[in-house]
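*Asks:* Here is the input, now give the coordinates:
(2 chains)
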Protein chains: 2
Amino acid sequence: MDFNPLPKDVISAKARRTTEPPIAWLMRMPFDDPQIISLAAGFVDQESLPAEEVAECVHEILAVEKNRSALQYGTSQGFFPLRQEVSRILERQGAGKSVSPDEILLTAGSQQILHLVTDVLINEGDIVLVEDPTYFVYMGTLQAAGARVIGVPVDDEGILPEALEDKIRFLERSAGLENLKLVYLMTYFQNPTGACTAWHRKERLLEILRNHCDLGRTTFIIEDAAYKELRFEGGEIPYLKALDRDNSSVVLTGSFSKSFSPGLRVGFGYLPRPLLEHVLRQKGNEDFGSSNFCQHIVRQAIITGRYAKHVEMLKAKYRAKRDLMLECLARYFPHEVEVIRPLGGLYLWASLPRGLNTGARGQLFREATQKKVLYVPGELCYCEEPGIEKPTNNLRISFGMVTEDNIVEGMARLGEAVSQVLR
Amino acid sequence: MDFNPLPKDVISAKARRTTEPPIAWLMRMPFDDPQIISLAAGFVDQESLPAEEVAECVHEILAVEKNRSALQYGTSQGFFPLRQEVSRILERQGAGKSVSPDEILLTAGSQQILHLVTDVLINEGDIVLVEDPTYFVYMGTLQAAGARVIGVPVDDEGILPEALEDKIRFLERSAGLENLKLVYLMTYFQNPTGACTAWHRKERLLEILRNHCDLGRTTFIIEDAAYKELRFEGGEIPYLKALDRDNSSVVLTGSFSKSFSPGLRVGFGYLPRPLLEHVLRQKGNEDFGSSNFCQHIVRQAIITGRYAKHVEMLKAKYRAKRDLMLECLARYFPHEVEVIRPLGGLYLWASLPRGLNTGARGQLFREATQKKVLYVPGELCYCEEPGIEKPTNNLRISFGMVTEDNIVEGMARLGEAVSQVLR
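*Replies:* Numbering: from 1, shown residues only, chains lettered A, B, ... in the order given. Predicted coordinates for the structure are as follows:
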């Protein structure tokens, strides 16, 4: 798209730092050519979206109960009965002993909480530690806020504690630790690697941060659990938030987008109170509350048991799609390709032999687009840091939105492209 | 509420400037005491909310058409078919000869556009001209952005052109005109005065701004038309936007909150393209799109004719409520009280004799709360400017949410309070 921007001296410093979302161009490609199979999109499975469930919930709210207040303004913090349900769910999941609905915030997807917390804490030059690779949309938000983003390497159990300690020591030496405002972690089926943070890692991470930082005063942790509900294998791992017993240091964010419907845009956060108050004020200025109607629908789905049932169905669905994708990987891809086997979520993270370039300007991406299949180049998920070279041999593929047929066809095409490049 | 804020050196400069919404305390009072009648809330009429219409639309989308994509992610800019409907409505209303859906943005109420445009344009110290009095929620947004807000006096035809010219000349002399980024106008049934900007004033305002400012490059106008659909008397006045023929200088904002349902949180903007692109990038970072489902509902209501029918019904409803409120004013209030007779919208702006104080710490407010009736003290709607004294003798009362019975009872109580203070 042609973008004729306003002069730099006219727009705000923030707008100057706000670039186009990194994969917007990639998302547009299938619209221009419907033959393209996108393994890039992080959308959810289409045919399992809860059409009957939502229709029934709306009927019950509006036609049976005649509850017109669902169509009236809500509050900035969100519909109290849904906040109650969220706090009960979080209590049951062990996020806290006693989770108060007053500490829950409902937003337009959990993305809005990431944005609000960032905007409330970050001044230009403040530091944010993230997993490397991490969720690229949030990196755009951080860049717009003027944050200095520092990546900490991960393996299939999450952030490496030694690497975290190294980065913190480096910040101590360079006298930047008081500017460390946020540590951003996706602890369940991380986007893009699909890995979960192991429990022993959560304990160790918090220990390190408590030892070095003024947690809950200067530095906060965001535990982004957007994909948590979509575990289809393996035992549950407690929240990092469970270790924040007085709700002082960890912002837990979650969402009904992956586990129910992204079209409703209902996300939630469980926030330390002082931080929540700042966030609420800002949300008041930005939209004074997200859709009250959608919040009523989600609550109705929960209290009628439809939500829990739907999540069970989804898990089976995604499990089958993941299995199919792994099967296709074994069938169509050269054996040199390695993957982290995800136990939930929507993503598969594949590594080609070192030296091979998956980037948008590399040979593989060219071959793949010629064969009309798309993936997310791994380089888009790594931090830009001066002096640190990004790995260029990874790619993210999603079994979220793509149909079973297209998984087979798309993986065949992509496998062939990889084979060609490896030859 | 007890607010234990984070230390100032921890939060962002923006968070430091973000105060509690000015009437939050006022909005909480009826929750604590249900005997209170609030003529303060700007909510819409409850019993006319479109419960059947929304239920039918949802049934058609999800059960009949089985359109699951309404529950999938949408785009940051919003559902294209709704953008098409909005552009058709705006064309029919004369906002432009040919309004492209590509220049329409859908948001969480029009408030979110006010926020986004402000965030994209305003650096600390930049100047915004507003009507004085004006919409207090937006003043909070401007304060958080660090804007220097300058009020321009109004009468019942909108901003006074001579006063606008004076302020602009003053800015020219003090070399601040290049920092004038926004001129914010509510041109229909303004909050709080209920007045519309007359057509000859719109022509004159634009002429003045074109003569003095680099409109569409440095300075933009926001025409907030949130209440436009609720005209129940008098002839239509064309948009100021109609004078911005090349869509370069005026951001037009509108909303389905007042004319259909605020619980859906669907607002829209018609923006100059360069500005829109910056806004879209930022919206991508903040929430990557508002509820796709709600946008489908509003579109369904429009294309089935339900929306237009509902608006007609609402006009009759609010007209009757306004008439009742004016009747009660004549019956219960001393004759010294003056009002602007609103031809639409939700508000009545009353002026007491000079010297009488309607403020939250004044005698009238005390009397009124003792009698369990609430209004918005007019002083909250005026700009804070050093050296300029605010009028303190006005009050805003709304016939929006309050029932007919409570209009009579509330106005009787308030009239008695006014009489007591005047004695």
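*Asks:* Tell me how many other residues crowd A:Gly125.
*Replies:* 10 (other Cβ atoms under 10 Å in any protein chain shown). Yep, even glycine has a C-beta here, placed from its N, CA and C like the rest.
*Asks:* where does it land in three-state SS?
*Replies:* Following DSSP: H, G, I helix; E, B strand; the rest coil, the label given to A:Gly125 is coil.
*Asks:* That one is in contact with A:Gly146, isn't it?
*Replies:* Yes: between A:Gly125 and A:Gly146 there is a contact under Cβ atoms under 8 Å: 6.5 Å.
*Asks:* Give me the packing partners of the lowest-mean-pLDDT helix or strand in chain A, helices and strands only.
*Replies:* Here the helix or strand of chain A ranked lowest by mean pLDDT, DSSP states H and E is helix A:24-32, holding a mean of 84. Secondary-structure packing of helix A:24-32 (3 or more Cβ pairs under 8 Å, 6 or more residues apart in numbering or on different chains; DSSP states H and E): strand A:37-38, strand A:373-374.
*Asks:* And that helix, what's buried?
*Replies:* Within helix A:24-32, the residues that count as buried by 16 or more other Cβ atoms under 10 Å in any protein chain shown are A:Ala24, A:Leu26, A:Met27, A:Pro30.
*Asks:* ok, back up a step: between the helices and strands packed on helix A:24-32, which one is nearest to chain B?
*Replies:* The closest of the helices and strands packed on helix A:24-32 to chain B is strand A:37-38. By Cβ to the nearest Cβ, the value is 13.0 Å.
*Asks:* The closest one packs against which elements?
*Replies:* Against strand A:37-38 (3+ Cβ pairs under 8 Å, 6+ apart) you get helix A:24-32, strand A:373-374, helix A:404-422.
*Asks:* which of these is buried the deepest?
*Replies:* Most buried of those by mean neighbour count (mean count of other Cβ atoms under 10 Å in any protein chain shown) is strand A:373-374; its value is a mean of 24.
*Asks:* At which residues are the strands of the stretch 1-150 of chain A located?
*Replies:* For the stretch 1-150 of chain A, the strands defined by DSSP state E, counting those that start in this stretch cover A:37-38, A:104-107, A:127-132, A:148-155.
*Asks:* deepest of those strands, which one?
*Replies:* Using mean count of other Cβ under 10 Å, strand A:104-107 ranks as the most buried of those, with a mean of 28.
*Asks:* As CSV, could you dump the C-alpha coordinates of that one?
*Replies:* C-alpha atoms of strand A:104-107 as CSV (Å, rounded to 0.1, in the frame of the first residue of the first chain):
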residue,chain,number,x,y,z
ILE,A,104,-9.5,-8.0,37.0
LEU,A,105,-9.7,-5.8,33.9
LEU,A,106,-11.5,-6.7,30.7
THR,A,107,-10.2,-5.3,27.4
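*Asks:* List the strands paired with it, with their directions.
*Replies:* strand A:267-270 (antiparallel) (DSSP bridges).
*Asks:* Contacts for the partner strand next, please.
*Replies:* Applying Cβ atoms under 8 Å, 6 or more residues apart in numbering or on different chains, the external contacts of strand A:267-270 come out as A:78, A:83, A:86-87, A:90, A:95-96, A:99, A:103-113, A:117, A:226, A:241, A:247, A:251-257, A:276, A:279.
*Asks:* In the stretch 301-423 of chain A, which residue sits nearest chain B?
*Replies:* Closest point on the stretch 301-423 of chain A to chain B, by Cβ to the nearest Cβ, is A:Met401, at 7.9 Å.
*Asks:* I figured that residue was touching A:Ser48, is that so?
*Replies:* No: using Cβ under 8 Å, A:Met401 is not in contact with A:Ser48, being 10.6 Å away.
*Asks:* who has more neighbours, those two?
*Replies:* A:Met401 (20 against 14).
*Asks:* Rounded mean pLDDT for stretch A:296-303, please.
*Replies:* Averaged over stretch A:296-303, pLDDT sits at 98.
*Asks:* how about it: buried residues?
*Replies:* A:His296, A:Ile297, A:Val298, A:Arg299, A:Gln300, A:Ala301, A:Ile302.
*Asks:* For chain B, tell me which of the residues you listed show up nearby.
*Replies:* Intersecting those with the contacts of chain B gives A:His296 (criterion: Cβ under 8 Å from any Cβ of the partner chain).
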